[in-house]
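**Student:** Prediction below, plus the sequence it came from.
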Amino acid sequence: AQKITQTQPGMFVQEKEAVTLDCTYDTSDPSYGLFWYKQPSSGEMIFLIYQGSYDQQNATEGRYSLNFQKARKSANLVISASQLGDSAMYFCAMREGRFNKFYFGSGTKLNVKP
Amino acid sequence: DVKVTQSSRYLVKRTGEKVFLECVQDMDHENMFWYRQDPGLGLRLIYFSYDVKMKEKGDIPEGYSVSREKKERFSLILESASTNQTSMYLCASSEDRETGEQYFGPGTRLTVT
């Protein structure tokens, strides 16, 4: 089974609107971490936000928030007030296990329209 | 700032050649990782290392080996390059802690002809 599933290969959003990028995960480990990364066309991987499996509150970082629904095993990224510079690939990732192994999803390409 | 560097941005090799991809991090991180990134497949873990001389296979280790003789350096070796190993290769490092996000290098685009 896939550890991380991102079901939206591509998405469009109008500038200044909010957008939700979906991510579901699969683990039996009680302790894990969930991450979102952004990869602009330049290719660099930029860390956006982290959510721990024991965190009670949803993580927020500026315009990014992580909608963590543990029972559903989902960790959706919400970007508020989209900007043109948000156009990029977005990857959801999970860390689990004794050696902090990371798993990545296949990514969602977000296009922000002016 | 954490810095992860990779020896080459672009590399062209011939089928059957032995290829070395080098990765160096300057933040004393315990964990280091090698991924390949292909369109539609995301990042797939090839190998990772949690300590000097220690390594673990990832999801797609076939055709690859790794070496970690020093904490800051993690090398990926393609013993006999094949055309299906044409890809973008990303190195990353992280601290050995729960919230330890990964820091990535700029990537090496390898073409095997």
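**Tutor:** Perfect, thanks for sending it. Numbers count the residues shown, from 1 in each chain, chains lettered A, B, ... in the order given.

**Student:** Please count neighbours and contacts with C-alpha atoms only from this point.
**Tutor:** Noted.

**Student:** Please, which helix or strand holds B:S80?
**Tutor:** Using DSSP states H and E, B:S80 sits in no helix or strand.

**Student:** Please tell me how far the closest residue to chain A within chain B sits from A:Q39.
**Tutor:** Chain A sits closest to B:G42 of chain B, with a gap of 3.7 Å, by Cα to the nearest Cα. Distance, B:G42 to A:Q39, using Cα to Cα, to the nearest Å: 11 Å.

**Student:** In stretch B:54-62, which residues are buried?
**Tutor:** Across stretch B:54-62, burial judged by 16 or more other Cα atoms under 10 Å in any protein chain shown covers B:55, B:58, B:61.

**Student:** Could you single out the nearest of those to A:S106?
**Tutor:** B:G58 (16.2 Å; Cα to Cα).

**Student:** and A:A71, how many neighbours does it have?
**Tutor:** By other Cα atoms under 10 Å in any protein chain shown, 6 other residues sit near A:A71.

**Student:** Hmm, I typed the wrong one, I wanted A:Q56.
**Tutor:** Neighbours of A:Q56 under the rule other Cα under 10 Å: 10.

**Student:** Spell out the secondary structure type for it.
**Tutor:** Following DSSP: H, G, I helix; E, B strand; the rest coil, the label given to A:Q56 is coil.

**Student:** Give me the mean pLDDT for the helix or strand where B:E69 lies.
**Tutor:** Using DSSP H and E, B:E69 falls within strand B:64-70. On average, the pLDDT along strand B:64-70 is 96.

**Student:** is chain A contacted by that strand?
**Tutor:** No. Using Cα under 8 Å from any Cα of the partner chain, strand B:64-70 stays clear of chain A, coming no nearer than 15.8 Å.
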